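1. Can you look at this prediction? I've put the sequence above it.
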Amino acid sequence: MTPRSRRPVRQRKPRGRSLVGQRYDVVVGAVAHGGHCVARVPVDPSLVEEAGHGRHETRVVFVRHALPGERVTVEITEGTEGDRFWRGDAVAVLEPSPDRVTAPCPFAGPGLCGGCDFQHVALPAQRRLKADVVREQLRRLAGLDVDVEVEAVPGDDEGLRWRTRQRYVSLPGGARGMRKHHSHEVIEVDECLLEAPTGPVTAVHDVQFDVADGGFWQVHPGAATALVDAVLEALAPQPGESALDLYAGVGLFSRFLRDAVGPDARVVAVEGHAGAVRLARRNVPGVVTSAGDVGDVLRTQYDEPFDLVVLDPPRAGAKRAVVEQVVDRRPRAVAYVACDPAALARDVAIFAEHGYRLTGLRAFDLFPMTHHVECVARLEPGHA
């Protein structure tokens, strides 16, 4: 489990007059990757022509705090006349969805804390929305039509109290705050309802893992166990098989692969963070560990065949160079742990170029109330 990096706030160059604050009544379309839904608003054709984009009568708006099928008033929060798309918040709900609920947190909503995307959505519907996103990314980027069900994971309280590591912004006078969506602006909060009453759960199936303070470990209490079980189910490791654990973190998957294939089998763990590698050597004695960029390591080391591979890359995905190094080892099965469905779909498409097909997929709701979803995909060679 390699450390996940936070995406920086992107600033787009203004292209014409700002439309921030403009309001439109719209019917909301499908959910999109990123915690928003898609809507279209009418645009003055003369303004579009002046901006150099030709005549288009509508413009796409990515709307937060809405649900598919709702009629809402959207207020533009990012966008100028010349942009290809705008962003906005649903500031009034004119015709609500049956899946809409009152957000449990008073700091969730337009113009408030940006940490939660779906507090206004009933929990079962949140999971359906996430499944729709995974399905759409695989269809659009990998050309696959896949049934997806997002599974609940034990350890939260109806979608709340699961974040075992929480960060606040310190404010003057001892107060604390959270940042707004796509902004460095901070609003003061009493508490975050996602924050768990205890710290990280670093034991999995009665095995305790050493994790550095501030080092990466899944924040949902049930996440690590759910992912280990899904990876072992996907790979079905047999005694004597060799295994390669890439982006291995502190050795979570390596530990259980070693137990499954036996002490005499070869298990290799590769991780880019030197501190995590030191902990992996402590957590999984007997496993061969290597510190360095995964792509660089695979270009020069461990070039023998491996029966099994675990891929648990950061949000950007494994990408072509690593995928091609993996298929060069000719594994009989690959378990790909993905925190971003778009990156997963792009890498699945690269695997397909080399004869590896998606033969299984499980998705887990490890981040309730947000748009994030974790997937475990199985890839095998020679399947049509």
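-> Good, I have the coordinates.
2. residue boundaries of the helices in the stretch 201-350 of the chain?
-> 223-235, 252-261, 274-283, 294-300, 319-328, 341-353 (DSSP state H, counting those that start in this stretch).
3. Can you give the domain ranges for the chain?
-> Domain ranges of the chain: 1-98, 133-158+198-381, per automatic domain parsing.
4. Let me know which of the ones you listed is tucked in deepest.
-> Comparing the domains of the chain by mean neighbour count (mean count of other Cβ atoms under 10 Å), domain 133-158+198-381 comes out on top with a mean of 19. Where C-beta positions appear, they are placed from N, C-alpha and C, glycine not excepted.
5. how far away is Ala377 from Ala234?
-> Using Cβ to Cβ, to the nearest Å, Ala377 is found at 8 Å from Ala234.
6. which residues are in contact with both of those two?
-> By Cβ atoms under 8 Å, 6 or more residues apart in numbering, Ala377 and Ala234 have these common neighbours: Ala335, Gly360.
7. coming back round to it: how about a markdown table for the domains of the chain, with mean pLDDT and distance to Gly174 added?
-> Below are these laid out as a markdown table (pLDDT from 0 to 100; distance: least, Cβ to Cβ, whole Å):
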| stretch | mean pLDDT | distance to Gly174 |
| --- | --- | --- |
| domain 1-98 | 82 | 25 |
| domain 133-158+198-381 | 96 | 22 |
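8. Please convert these to a markdown table, extending it with distance to His181.
-> Formatted as a markdown table, the domains of the chain follow (distance: least, Cβ to Cβ, whole Å):
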| stretch | distance to His181 |
| --- | --- |
| domain 1-98 | 7 |
| domain 133-158+198-381 | 11 |
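9. Quick check: which of those domains is nearest to Pro104?
-> Of all the domains of the chain, domain 133-158+198-381 sits nearest to Pro104, with 8.5 Å by Cβ to Cβ.
10. So which of the domains of the chain is nearest Gln126?
-> Among these, domain 133-158+198-381 comes nearest to Gln126, with 6.7 Å by Cβ to Cβ.
11. So which of the helices of the stretch 201-350 of the chain is nearest Leu129?
-> Nearest of the helices of the stretch 201-350 of the chain (Cβ to Cβ): helix 341-353, 12.0 Å.
12. got the contact list for that closest one?
-> 33, 133-134, 137-138, 140-144, 311, 313, 315-320, 323-324, 327, 334, 336, 338, 357-358, 373, 375, 377, 379.
13. do stretch 203-215 as well
-> With Cβ under 8 Å, 6+ apart, stretch 203-215 has contacts from 3, 200, 202, 217, 224-225, 228, 250-252, 255-256, 273, 275-276, 279, 282-283.
14. In three-state terms, how would the closest residue to Glu195 other than its chain neighbours be classified?
-> Nearest non-adjacent residue to Glu195, counting by Cβ to Cβ, 6 or more residues apart in numbering: Gln166, 4.4 Å away. Following DSSP: H, G, I helix; E, B strand; the rest coil, we place Gln166 in the coil state.
15. So Gln166 is in contact with Leu194, correct?
-> Yes - if you go by Cβ atoms under 8 Å, Gln166 and Leu194 touch, sitting 7.3 Å apart.
16. before we move on, the earlier item: got the contact list for the residue nearest to Glu195?
-> Cys192, Leu194, Glu195, Ala196.
17. In terms of helices and strands, where is Arg135?
-> Assigned by DSSP states H and E, Arg135 belongs to helix 123-142.
18. need the strands for the stretch 51-200 of the chain, in chain order.
-> 58-64, 71-78, 85-95, 150-151, 169-170, 176-179, 186-188 (DSSP state E, counting those that start in this stretch).
19. Could you dump those strands into CSV with distance to Leu298 added?
-> Formatted as CSV, the strands of the stretch 51-200 of the chain follow (distance: least, Cβ to Cβ, whole Å):
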stretch, distance to Leu298
strand 58-64, 37
strand 71-78, 40
strand 85-95, 38
strand 150-151, 31
strand 169-170, 39
strand 176-179, 37
strand 186-188, 42
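20. and Val101, which of these is closest to it?
-> Of all the strands of the stretch 51-200 of the chain, strand 85-95 comes closest under Cβ to Cβ, at 11.7 Å.
21. Pairing partners for the closest one, with directions?
-> strand 58-64 (parallel), strand 71-78 (antiparallel) (DSSP bridges).
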